[in-house]
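*Asks:* pasting a predicted model and its sequence here:
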Amino acid sequence: IAERVPNGAVIACPCALVISTPVTIVSGLSAAARRGILIKGGVYLEQGRHMKWLALDKTGTITVGKPALTDFELVSGAERDALTIAVSLASRSDHPVSKAVAESQQARTVTIQAVDAFEALLGRGVKGRIGGRLFHLGNHRLIEELKLCGSALEARLNVLELQGKTAVLVASEQAVLALFGVADTVKESSREAIGQLHALGIKTLMLSGDNQHTAAAIAKQVNIDDAKGNQLPEDKVTAIAAMIGREGLVGMVGDGINDAPALARSDIGFAMGAAGTDTAIETADVAIMDDDLRKIPEFVRLSKATAAVLKQNIALALGVKAIFLGLTVVGMGTMWMAVFADMGTSLIVVLNGLRLLRQHPPPLQSPLVRSGALHGTGA
């Protein structure tokens, strides 16, 4: 309200202050959407600048998520029987590692058998009955739980794991039949994204269902601060919970069903929108539509820019009102000054908030990536 009275002007309209926050937040959300970052609420955009730790899944997040079979070794029994059982079980699973086995060159030489009582074992593998017998297909941890892992087999697995490969084993109820080595490729953008996060003061932690050797090898390739292997969904939740409240907010990035509990437990959950499962995308607070990890440091920078503009708008709205109120008290206030303090300030905070839409993101590909220095990085 701007009203002329005999001794001056009365200025008492909170319009600029009221609209300064929503205009800025909506502009920030729109700017993020233009960059392929879908944020499910202004609160997450505001909180992003306070993030100090970021936990990351490996497969599909740090790596491409399309592993390929690199090794096959018969442990006991007939090779064709072991391949048939492994491929039959793998063909029923949608996990990227299982797909690598099911779509391998070796898989083309066998006939897929019917699998009864099929069951997915979260963080471990799958099991099912073929020809009335129970078989398992899974990781090192599953074989240890089945008490089928001896010293000779451990030595073979260590060789694969130290190379950064994921070991997959097929076993009957009595013995391990064969082992497979599966390797994924690190995304070209992962190392650059981790570097940008470190530059923003954010520490990184990899939480992987793979063994510790493989997790450590991949983490070393992309300069992640710490890595934990053999992580079941509940282990990831525990790791996230242990970090919350220590230094700052904790983020989590993932793409699979196994990551959903950890995404929900973190302060800010990020889902890979292109390759991610519906469960992960639904649970997360932010969706990265092109699965490029470099969008996360961009999100943090946008959060800081939004906070800066928001503070400017609030300070401007309150400051102008205070100045013209002072002028009115000393008898220098006029009607036109009151109009400016009302409508003029409102327009200024709106235009200032819209500046976020004009900010151009930095180029995502650095000279290091364009030169090919990061090409050919294996898992």
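*Replies:* That came through fine.

*Asks:* going forward, measure contacts between C-alpha atoms and count neighbours the same way
*Replies:* Noted.

*Asks:* any figure for the gap between residue 58 and residue 201?
*Replies:* Counting by C-alpha to C-alpha, to the nearest Å, the gap from residue 58 to residue 201 is 21 Å.

*Asks:* comparing those two, which residue is more hemmed in?
*Replies:* residue 58 (25 against 12; other C-alpha atoms under 10 Å).

*Asks:* mind listing the strands for the stretch 101-250 of the chain?
*Replies:* 116-121, 125-130, 133-138, 166-171, 176-183, 203-207, 226-228, 249-254 (DSSP state E, counting those that start in this stretch).

*Asks:* nearest to residue 99, of those strands?
*Replies:* Comparing these against residue 99 with C-alpha to C-alpha, the closest turns out to be strand 176-183 (10.3 Å).

*Asks:* can you tell me the strand partners of that closest one and which way each runs?
*Replies:* Next to strand 176-183 in the sheet, as set by DSSP bridges, lie strand 68-74 (antiparallel), strand 166-171 (antiparallel).

*Asks:* for the helix or strand residue 20 falls within, which helices and strands make contact with it?
*Replies:* Per DSSP states H and E: residue 20 is located in helix 15-34. With contacts defined as 3 or more C-alpha pairs under 8 Å, 6 or more residues apart in numbering; DSSP states H and E, helix 15-34 has these neighbours: strand 37-39, helix 42-47, helix 295-329, helix 345-358.

*Asks:* can I get those in JSON lines including distance to residue 107, mean pLDDT and mean neighbour count?
*Replies:* Shown next, in JSON lines, are those (distance: least, C-alpha to C-alpha, whole Å; pLDDT from 0 to 100; neighbours: other C-alpha atoms under 10 Å):
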{"stretch": "strand 37-39", "distance to residue 107": "39", "mean pLDDT": "92", "mean neighbour count": "22"}
{"stretch": "helix 42-47", "distance to residue 107": "45", "mean pLDDT": "92", "mean neighbour count": "17"}
{"stretch": "helix 295-329", "distance to residue 107": "37", "mean pLDDT": "85", "mean neighbour count": "19"}
{"stretch": "helix 345-358", "distance to residue 107": "51", "mean pLDDT": "80", "mean neighbour count": "19"}
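
*Asks:* any chance of these in TSV, plus distance to residue 99?
*Replies:* Listed next are the helices and strands packed on helix 15-34 as TSV, based on distance: least, C-alpha to C-alpha, whole Å:
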stretch	distance to residue 99
strand 37-39	29
helix 42-47	35
helix 295-329	28
helix 345-358	42
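
*Asks:* before we move on, back to that, mean pLDDT, distance to residue 237 and mean neighbour count added to the strands of the stretch 101-250 of the chain, as a markdown table?
*Replies:* Output for those, formatted as a markdown table (pLDDT from 0 to 100; distance: least, C-alpha to C-alpha, whole Å; neighbours: other C-alpha atoms under 10 Å):
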| stretch | mean pLDDT | distance to residue 237 | mean neighbour count |
| --- | --- | --- | --- |
| strand 116-121 | 91 | 17 | 15 |
| strand 125-130 | 93 | 19 | 22 |
| strand 133-138 | 94 | 22 | 22 |
| strand 166-171 | 90 | 22 | 27 |
| strand 176-183 | 90 | 26 | 24 |
| strand 203-207 | 93 | 10 | 23 |
| strand 226-228 | 92 | 12 | 20 |
| strand 249-254 | 93 | 10 | 27 |
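
*Asks:* would you format the ones you listed as TSV with distance to residue 283 included?
*Replies:* Shown next, in TSV, are the strands of the stretch 101-250 of the chain (distance: least, C-alpha to C-alpha, whole Å):
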stretch	distance to residue 283
strand 116-121	21
strand 125-130	23
strand 133-138	26
strand 166-171	27
strand 176-183	28
strand 203-207	18
strand 226-228	23
strand 249-254	10
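
*Asks:* and of those, who's closest to residue 216?
*Replies:* strand 226-228 (5.7 Å).

*Asks:* so residue 82 sits against residue 170, correct?
*Replies:* Yes. If you go by C-alpha atoms under 8 Å, residue 82 and residue 170 touch, sitting 7.2 Å apart.

*Asks:* shared neighbours of the two, anything?
*Replies:* Common contacts of residue 82 and residue 170, defined by C-alpha atoms under 8 Å, 6 or more residues apart in numbering, comprise 177, 178.

*Asks:* got JSON lines for the strands paired with strand 176-183, with distance to residue 112 too?
*Replies:* Below are these laid out as JSON lines (distance: least, C-alpha to C-alpha, whole Å):
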{"stretch": "strand 68-74", "distance to residue 112": "18"}
{"stretch": "strand 166-171", "distance to residue 112": "15"}
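
*Asks:* which one of those lies closest to residue 329?
*Replies:* strand 166-171 (75.3 Å).

*Asks:* surely residue 168 and residue 181 touch.
*Replies:* Yes. Residue 168 is within contact range of residue 181, at 6.4 Å (criterion: C-alpha under 8 Å).

*Asks:* give me the contacts around stretch 140-159.
*Replies:* 124, 125, 167, 168, 169, 171, 174, 175, 176, 211, 213, 230.

*Asks:* let me see the contact set for the fifth one.
*Replies:* Yep, that's residue 169 we're talking about. Listed by C-alpha under 8 Å, 6+ apart, the contact set of residue 169 reads 136, 137, 138, 139, 140, 143, 176, 177, 178, 179, 180.

*Asks:* show me the beta-bridge partners of the nearest residue to residue 167 once chain neighbours are set aside.
*Replies:* The shortest distance from residue 167 to any residue other than its chain neighbours is 4.9 Å, reached at residue 181 (C-alpha to C-alpha, 6 or more residues apart in numbering). Beta bridges link residue 181 to residue 71, residue 167 when assigned by DSSP bridges.

*Asks:* picking that back up, wait, which of the strands of the stretch 101-250 of the chain is closest to residue 27?
*Replies:* Across the strands of the stretch 101-250 of the chain, closest to residue 27 is strand 249-254 (C-alpha to C-alpha), at 22.8 Å.
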